[in-house]
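Colleague: Compute the structure for the input listed below.
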Amino acid sequence: MTERHMFSWYELRTTDTSSAQAFYADVLGFQVRGAPGADRFCVAEQPVAGLSTLPERAAARGAPAHWLGHLGVEDVDGVAQRILALGGEPLGPMRKGAEGAQIAVLRDPFGSVLALRSKLEPASRVVVAWHELNTRDRERAWSMYADLFGWTLTESLDPGLDVGPYQMFAWDQTLRSVGGMVNSALLPHVHTHWLFYFSVRDLEDALCRVRARGGKVKGPLTLPGGEQVAQCDDPQGAAFGLREPAARSTSVPQGAGERGRVHRRS
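Modeller: Numbering: from 1, shown residues only. Coordinates of the predicted model:
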């Protein structure tokens, strides 16, 4: 499957990179490689995500530390213009990333921040198990993302929160669910955002590490398929999720440690 039109890279933009490095090393087994300003979280020397300081422009506008998902596209400017025409907002000028990639960071018409990227990062491991859009207008948001990127609806479920269905989706016609969209931002204290769930083989242990490092935890929750999930904030306030599959994998990437670590989602 091509990695175009799907989230193919993730970047933590934070107010304290040193603290973040220690936190994610303990919780997910990430190690940092690279030069200042171009740091990468790695597992077994393979890059899996970026690490950067929250831009001053974003901080001045009140943006908290956050995980930013990068969608791979052929034409960054063209797709960005289509999103802006629908009511999106540019969040700074287009910039150059690694290997000359064009990157545009913007807010979609429904309030969630994302990046468009013309070249894919050389990440060889899949560390994000689920992609969840928390929004106030799921139907319109779905219409935009499906039209722009060719995503496909799969199954849905009732979260029991009076916000309508939790609608799952696939990147393409394989119908393998990779995320969901829900009107959770209609609830108090929930803002519009993309939430990325990292896969761990021992959720209970990982959550103990989150708490011990000063993070916050909501959950865990057991899903109908047997998976266990929890939503977390790191010590700087960046939101992320953790997801333990129903059938635990016995394979762990070399160098990822023995508990609460990242593995490839099968």
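Colleague: Could you identify the helix or strand that succeeds the helix-or-strand element of the chain with minimal mean pLDDT?
Modeller: Least confident helix or strand, the chain: strand 95-96 with a mean of 83, by mean pLDDT, DSSP states H and E. Sequence-wise, the next helix or strand downstream of strand 95-96 (DSSP states H and E) is strand 102-107.
Colleague: next one: that following strand to chain centre, how far?
Modeller: Between the mean C-alpha point of strand 102-107 and the mean C-alpha point of its chain there is a distance of 15 Å (Cα atoms, centre = their mean, to the nearest Å).
Colleague: quick one, helices of the stretch 151-266 of the chain?
Modeller: All helices of the stretch 151-266 of the chain, identified by DSSP state H, counting those that start in this stretch, fall at 203-212.
Colleague: so where is the chain shaky, pLDDT-wise?
Modeller: Across the chain, the ranges flagged by pLDDT under 70 are 1-4, 35-37, 98-99, 120-126, 248-266.
Colleague: just to revisit the earlier point, check which helices and strands the least confident helix or strand of the chain is in contact with.
Modeller: The criterion is 3 or more Cβ pairs under 8 Å, 6 or more residues apart in numbering; DSSP states H and E, and the helices and strands that strand 95-96 contacts are strand 102-107. (Glycine included, C-beta is placed from N, CA and C.)
Colleague: what lines up beside the least confident helix or strand of the chain in the sheet?
Modeller: Looking at strand 95-96 with DSSP bridges, its partner strands are strand 102-107 (antiparallel).
Colleague: residues in contact with the next helix-or-strand element following the strand it pairs with?
Modeller: Scanning forward in sequence from strand 102-107 by DSSP H and E, the next helix or strand is strand 113-117. Residues external to strand 113-117 that are found in contact with it (Cβ atoms under 8 Å, 6 or more residues apart in numbering): 8-9, 11, 63, 66, 68-73, 76, 79-80, 91, 97, 101-108, 193-194.
Colleague: center of this protein - which residue?
Modeller: Nearest to the mean C-alpha position of the chain, by Cα atoms, centre = their mean, lies Phe196 at 3.0 Å.
Colleague: Now do the host helix or strand of Ala49: distance to the chain's middle.
Modeller: Here Ala49 is covered by strand 46-53, with elements defined by DSSP H and E. When distances are taken as Cα atoms, centre = their mean, strand 46-53 is centred 12 Å away from the chain's centroid.
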